[in-house]
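**Q** Whatever this is, show me its structure:
(2 chains)
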Amino acid sequence: MQQPSAPAVLEPEVRQARAADGATAAALSGAWDIRALESRARLLKSQLRQLAADPGRHWDLSRIQRLDHIGALLIWQAWGKRRPAQLALAHGHEVFFSNLDSAAAAVPAAPFDPLRLVRALGAAMLLTAEHLLGMVQLIGQILIDSFGLIRHPLRGPWREISASLFRVGTQALGITALVGFLIGVVLSYLSAEQLKAFGANIFIINLLGMGIIRELGPVIAAVLVAGRSGSAITAQLGVMRVTEELDALSVMGIPHTVRLILPKIVALAIAMPLLILWTSGIALIGGALAANTQLGISVHSFFIGLPGAVPTVNLWLAMGKGVVFGALIALIACHFGLRVQPNTESLGIGTTNSVVTSITAVIVADAIFAVIFSDVGISLS
Amino acid sequence: MTPVIEVESLWTQFGDHVVHRDLNLVVMPGEVVSLVGGSGSGKTTLMRQILGLEQPTRGTVKVFGIPLQGSSAQLVQKIRKRWGVLFQEGALYSALSVFDNIALPLRELRAFDEDFIGDMVMLKLDMVDIERRHASKMPADLSGGMIKRIALARALVLEPELVFLDEPTAGLDPDRSESFVKLIRSLHQKLNLTVVMVTHDLDTLVSLSHKIAVLAEQQLIVYGSLKEAIAVQHPFILNFFLGERGLRALSAVGASVKLSGKD
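**A** From the prediction side, this is the model:
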């Protein structure tokens, strides 16, 4: 305790001295607490080490004005973690060293495991299987709860669905439009350079129409929604798990699959195809504008030529993809959200995994679509 | 002696709602002061203002004689190294192991090597009665009582002169809460700390505090020993100390104080 009436507190100091019987001695004085040592720890430590090299040295610590565990530990470590034979302590300083005498061992190191890699591989496999199982269970639970919904449609979570639709659909219009427009412009600009070289200007309509409506529009919209809404859903459910809100719902007899998960899946399955149409439309406008400046094809003739170049069935295919992508994103996001453990790190990992997995799943699903529908809507009549 | 904490004519207002009206509080070195009061009486707000986490509407808060408002960031930083805080839920960093949680403040100083830090962490774990094998565990794997103890070790690692305890025994079972109270008392005696705590637990309050600050009606209605506190006629005090639970806790420490407030 610092008292104003006490003599001024001096800096920590180590001096060589000589004891009464002629033996070498070390005298420590001043303040040996964290405030004083913070800036001088390294210097004092090396001084102490030098003096401690002589095992017969007498240590006079009685003139230390202030001491705490930090100072005591510094001195004690210099002694080689045990007290010297000849030691004089100031009154009340004994307690700091007696605490230290019992503290010597370090943290026990983790035992070496030669099969660590094999174990890690096995654990990863089991984890993947567990994820798949969990996903199947979730789908099953949702289906079971949905049957109850069919019998009592008025009790359905319609408000929740409407709120989710607004969040994942309406509020995503801006970002999907911006990205879609830019992609359309860039794609059109790059293709125009190539097509011009072959004099095949008019095929820009086929290229953009087919590419955007069938592939790019759905995938871009899905990736954006996975990053935007997927992460939000995972984080929301994860925080609800951490704060025990999910458990509170369960004990009230409100199944969280119906109140929380089903609305999100339905909302994304509805919003996704609409967002895809919107993104593709804006991307085509961007492409048409760029084609106009680059190739001189007027916007009017671009859109007149579009139905001839892209069979209508492609639109239905894109919408179908949208439903699947939307449900997939919501399902994966909910699955990871429900698995969050009650700590901050798990929340971060869960959200990252959710976004990465749903984007991967969207692209895999898109590839499957491409294989299954390889002869639908492509042949030009 | 300079007071450790000086709160002078402090006002706190949220819109029209006045939480503290012209509140004064002085804590001297070595004292154990408990803040009590009903829900919404502003105990936690007051503590957060003393910690500099919230700004009072008016008035000054001085810690170690240095005003928190208007001092340079460097000076405030110095104060922060001289106090330790035990948050209600422990607030251990969930991404770090027990060892790293306690070592973090020491590492931030960049003055000590890892060998020193390791010994210091083990010393602090010993002080709060946590076995060393728990050092490598993550906070999520620990029980509530252990989290509190480890959070206390972290609060004490920079050898603070002033320690804040927010509901130190809330969420602990009676047995653990008693041993936690014993731990705090022995640390207070050993290290000569100044302690400020917010608590609802009468047993903790009665067995630890030298002084009790009762917050009600936007002010400190009492600031003094337990005896002085229960002598005051006020509905909150009657309910809190002289209700059934209060009397039981008071009788446990000795009936001498029991009837001084009532006749």
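
**Q** The stretch 1-150 of chain B against chain A: which residues are in contact?
**A** Residues of the stretch 1-150 of chain B found near chain A (Cβ under 8 Å from any Cβ of the partner chain) are B:1-2, B:29-30, B:81-82, B:94-95, B:99, B:109, B:111-112, B:115-116, B:118-120, B:122-124, B:126-127, B:132-133, B:135-136, B:138-140. Yep, even glycine has a C-beta here, placed from its N, CA and C like the rest.

**Q** what's the average pLDDT for stretch A:261-272?
**A** Mean pLDDT, computed over stretch A:261-272, is 94.

**Q** who touches that stretch?
**A** Stretch A:261-272 is contacted by residues A:138, A:142, A:145-146, A:149, A:157, A:160-161, A:163-165, A:167-169, A:172, A:221-222, A:225, A:229, A:233, A:322-323, A:325-327, A:329-331, A:333-334 when judged by Cβ atoms under 8 Å, 6 or more residues apart in numbering or on different chains.

**Q** Write the PyMOL selection for whichever of these are buried.
**A** To isolate the buried members of the contacts of stretch A:261-272 in PyMOL, using 16 or more other Cβ atoms under 10 Å in any protein chain shown:
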select buried, chain A and resi 138+142+145+157+160+161+164+165+167+168+169+172+221+222+225+229+233+322+325+326+327+329+330+331+333+334
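
**Q** Out of the contacts of stretch A:261-272, list just those in helices.
**A** Assignment to helices by DSSP state H places the following of the contacts of stretch A:261-272 there: A:138, A:142, A:145-146, A:149, A:160-161, A:163-165, A:167-168, A:221-222, A:225, A:233, A:322-323, A:325-327, A:329-331, A:333-334.

**Q** related to what we said a few turns ago, can you select the buried ones from the residues of the stretch 1-150 of chain B next to chain A in PyMOL?
**A** Entered in PyMOL, the line below selects the buried ones among the residues of the stretch 1-150 of chain B next to chain A, by 16+ other Cβ under 10 Å:
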select buried, chain B and resi 29+81+82+94+99+109+111+112+116+118+119+120+122+123+124+126+127+132+135+138+139
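
**Q** residues contacting A:Ile368?
**A** A:Ile368 neighbours (Cβ under 8 Å, 6+ apart): none.

**Q** mind listing what's buried in the host helix or strand of A:Ala26?
**A** Of the helices and strands defined by DSSP states H and E, A:Ala26 is found in strand A:24-32. Across strand A:24-32, burial judged by 16+ other Cβ under 10 Å covers A:Ala25, A:Ala26, A:Ala27, A:Leu28, A:Ser29, A:Gly30, A:Ala31, A:Trp32.

**Q** gap between that strand and the chain center?
**A** Centre-to-centre, strand A:24-32 and its host chain are 52 Å apart (Cα atoms, centre = their mean, to the nearest Å).

**Q** Point out the other helices and strands that that strand packs with.
**A** strand A:13-18, strand A:58-67, helix A:69-78 (3 or more Cβ pairs under 8 Å, 6 or more residues apart in numbering or on different chains; DSSP states H and E).

**Q** Count the residues that sit near the one residue in the stretch 251-381 of chain A that gets nearest to chain B.
**A** Distances between the stretch 251-381 of chain A and chain B by Cβ to the nearest Cβ are smallest at A:Asn343, namely 3.8 Å. Counted with other Cβ atoms under 10 Å in any protein chain shown, the neighbours of A:Asn343 add up to 18.

**Q** Next, the contact list for A:Lys321, please.
**A** Per Cβ under 8 Å, 6+ apart, neighbours of A:Lys321: A:Pro218, A:Ala222, A:Pro273, A:Ile276, A:Ala365, A:Asp366, A:Phe369.

**Q** still on that earlier bit, who wins for proximity to chain B among the helices and strands packed on strand A:24-32?
**A** Short answer: helix A:69-78, nearest of the helices and strands packed on strand A:24-32 by Cβ to the nearest Cβ, at 5.7 Å.

**Q** what about the closest one, average pLDDT?
**A** Rounded mean pLDDT across helix A:69-78 is 84.

**Q** Is there any residue in it that contacts chain B?
**A** Yes: against chain B, helix A:69-78 shows contacts by Cβ under 8 Å from any Cβ at A:His69, A:Ile70, A:Leu73, A:Leu74, A:Gln77.

**Q** if we can go back for a sec, which one of the helices and strands packed on strand A:24-32 has the most crowded surroundings?
**A** Compared across the helices and strands packed on strand A:24-32, helix A:69-78 shows the largest average neighbour count, a mean of 24 (mean count of other Cβ atoms under 10 Å in any protein chain shown).

**Q** what residues does that helix touch?
**A** A:12, A:28, A:32-34, A:36-37, A:41, A:44-45, A:48-49, A:51-52, A:61, A:64, A:83, A:93, A:96-97, A:99-100, B:112, B:115-116, B:119-120, B:123-124, B:158-159.

**Q** Go through the residues of helix A:69-78 next to chain B and name the one nearest A:Ile213.
**A** The nearest member of these to A:Ile213, counting by Cβ to Cβ, is A:Ile70 at 69.5 Å.

**Q** if I look at whatever residue of the stretch 1-150 of chain B ends up closest to chain A, how far off is B:Phe164?
**A** In the stretch 1-150 of chain B, the residue that lies nearest chain A is B:Ser94 (3.8 Å; Cβ to the nearest Cβ). For B:Ser94, the distance to B:Phe164 (Cβ to Cβ, to the nearest Å) stands at 21 Å.

**Q** Poorly predicted segments of the stretch 51-200 of chain A, please.
**A** Along the stretch 51-200 of chain A, segments meeting pLDDT under 70 span A:102-110.
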